[in-house]
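S.K.: return a 3D structure for these sequence lines:
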Amino acid sequence: MTDTAGPGDDAAPEEHVPERREETPGRADAPTGRVEVDAEPEPDEGGDSVQFLHDPEHQADDVGEPGRPLGRGPFMWGLFGGLGALVAIWIALMVVSIRGVLVLVVVALFLAVGLNPAVELLMRRGLRRPWAVLCVILSVLLVVAGFLVILVPIISHQVTAIGDNLPGWFDKLQKNDQVRRLDDKYDLTSKVEDYVKSGAWAQKAFGGAVGVGLAILGAVLNAFVVVVLTLYFLASLPSMKRAAYSLAPASRRERVSLLGDRILRNIGGYVSGAFVVAMCAGISTLVFLFIVGLGSYAVALAMVVALLDVIPMIGATIGAVIVCAIAFATDIKTGVVAVIFYIAYQQVENYLIYPKVMSRSVEIPGALTVIAALVGGTLLGVVGALLAIPTAASILLLVREVFLPRQEAR
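M.R.: So this is what the prediction gives:
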């Protein structure tokens, strides 16, 4: 059956032939980088396989068209989240393993910041910073050497005297009527004697004789490390500040440097002020003990009170309790006078000495001081309690100067 042309058609329609392009090896499509190929693959001589036009020798840079990205479903999010959690846990474990070294570094840094006001004072008097640092370092070393040469033998002798007098004081306590009634009821005397003679307290505190030696050696090494780091930090404090401030964006670097300098001044003032307050407590205790007739133990007890007074909140109370206990053991009237003296001195220190010394260093509410000291003591012990108050004051300063103005601007 023959098709006839319709009206208006001059000739039969031509059969449609697929357009073929010449094969050009090595030429690639501009947008995609794909090689131009025929519309239909040509069979090879055997007719069983397809001939690919990609020649690695002529198209070495062609890596093909990228495929679709991986699906970001719940599995992928969970996988990456789990890997991130594992990395965070690993970093936390590493930090915990070096926490001892970090504590020494932080203590040395705080001491260096505390000595920096003395260096700046000498610089205002005309000395260049290297010479000012040298003078402060030599002064500190002379004070430490004088303490070791002069006070250590006296303290050692007085501590030995206190230890020798402990049995006599213990006998006096046993003769007291109230103590004797408690002893008859709870058998306290025999329990204390058995505990002391057994040496269990030394075993728990230091791990035995070997533990005592290791504890002393560790304390000496830690003190040496802190001294060396303090000297390094004190000498390189300006360069350390510049390096830290350079991490801030250029647009905010000036404000960051001003806030950082203010925080460092507050920390330095607090450290210096804490030592001044401790010295006041130690000197007042020394004078009081000589007046009441306990001069044979005055230097040792004054040193104990000064060291404990550095600890916020409870340090001064513990020192007062130790002195009052020894005063009561020697004489009841002396003990009563000691209690009255320390109650009066605590009021003078809390409401006169401490506010006057710390007026230019930290501004922190009383409740926040207690909370900071408790948290710091729980985390890092005595060192944490010492560093907690200036740290809380620094955080409070950032909140007042940075966070609250942003909140008000919104």
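
S.K.: for stretch 378-389, the distance to its chain's centre please.
M.R.: Taking the mean of its C-alpha atoms, stretch 378-389 sits 10 Å from the chain's own mean (C-alpha atoms, centre = their mean, to the nearest Å).

S.K.: so which residues make contact with it?
M.R.: Residues external to stretch 378-389 that are found in contact with it (C-beta atoms under 8 Å, 6 or more residues apart in numbering): 103, 106-107, 110, 270, 274, 310-313, 362, 364, 369, 372-373, 375-377. Yep, even glycine has a C-beta here, placed from its N, CA and C like the rest.

S.K.: among those residues, which ones are buried?
M.R.: Buried residues within the contacts of stretch 378-389, defined by neighbour count using 16 or more other C-beta atoms under 10 Å: 103, 106-107, 110, 270, 274, 310-312, 362, 364, 369, 372-373, 376-377.

S.K.: just the ones of the contacts of stretch 378-389 in helices?
M.R.: Filtering those for membership in helices, criterion DSSP state H, returns 103, 106-107, 110, 270, 274, 369, 372-373, 375-377.

S.K.: burial of Gln347, as a residue count?
M.R.: A count of nearby residues for Gln347, using other C-beta atoms under 10 Å, gives 10.

S.K.: quick one: contacts for it?
M.R.: Listed by C-beta under 8 Å, 6+ apart, the contact set of Gln347 is empty.

S.K.: ok, now how distant is it from Ala302?
M.R.: Spatial separation of Gln347 from Ala302 under the definition C-beta to C-beta, to the nearest Å is 20 Å.

S.K.: go on, Asn165?
M.R.: Plainly put, Asn165 is 18 Å away from Ala302 if you go by C-beta to C-beta.

S.K.: swap in Val159?
M.R.: Applying C-beta to C-beta to Val159 and Ala302 gives a distance of 13 Å.

S.K.: point to the residue nearest the middle of this structure.
M.R.: Within the chain, one residue has its C-alpha closest to the average C-alpha position: by C-alpha atoms, centre = their mean, that is Val106, at 6.0 Å.

S.K.: show the pLDDT at that residue.
M.R.: Note on Val106: pLDDT of 86.

S.K.: where in the stretch 51-200 of the chain is pLDDT low?
M.R.: Segments of the stretch 51-200 of the chain classed as low confidence (criterion: pLDDT under 70) are 51-63, 69-72, 155, 163-164, 167, 169-170, 172-180, 182-200.

S.K.: neighbours around Pro117, how many?
M.R.: The burial count assigned to Pro117 is 17, neighbours taken as other C-beta under 10 Å.

S.K.: now swap in Leu386 and tell me
M.R.: When neighbours are defined as other C-beta under 10 Å, Leu386 has 23 of them.

S.K.: does it sit in a helix or strand, and which one?
M.R.: Secondary structure assignment for Leu386, by DSSP states H and E: helix 366-398.

S.K.: now do that helix, average pLDDT.
M.R.: For helix 366-398, the per-residue pLDDT values average out at 80.

S.K.: what's the first helix or strand after that helix?
M.R.: Downstream of helix 366-398, the first helix or strand assigned by DSSP H and E is helix 404-409.

S.K.: output that next one as PDB - backbone C-alpha positions only.
M.R.: Written as PDB, here are the backbone C-alpha positions of helix 404-409 (Å, rounded to 0.1, in the frame of the first residue of the first chain):
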ATOM      1  CA  LEU A 404      25.100  43.500  80.100                       C
ATOM      2  CA  PRO A 405      25.800  46.300  77.600                       C
ATOM      3  CA  ARG A 406      24.900  44.000  74.700                       C
ATOM      4  CA  GLN A 407      21.700  43.000  76.400                       C
ATOM      5  CA  GLU A 408      20.800  46.600  77.000                       C
ATOM      6  CA  ALA A 409      21.500  47.500  73.300                       C
END
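
S.K.: how far does it sit from its chain's centre?
M.R.: For helix 404-409, the separation from the chain centroid amounts to 28 Å (computed by C-alpha atoms, centre = their mean).

S.K.: my guess is Ile283 contacts Met303. True?
M.R.: No: here Ile283 does not reach Met303: they are 10.9 Å apart, not a contact under C-beta atoms under 8 Å.
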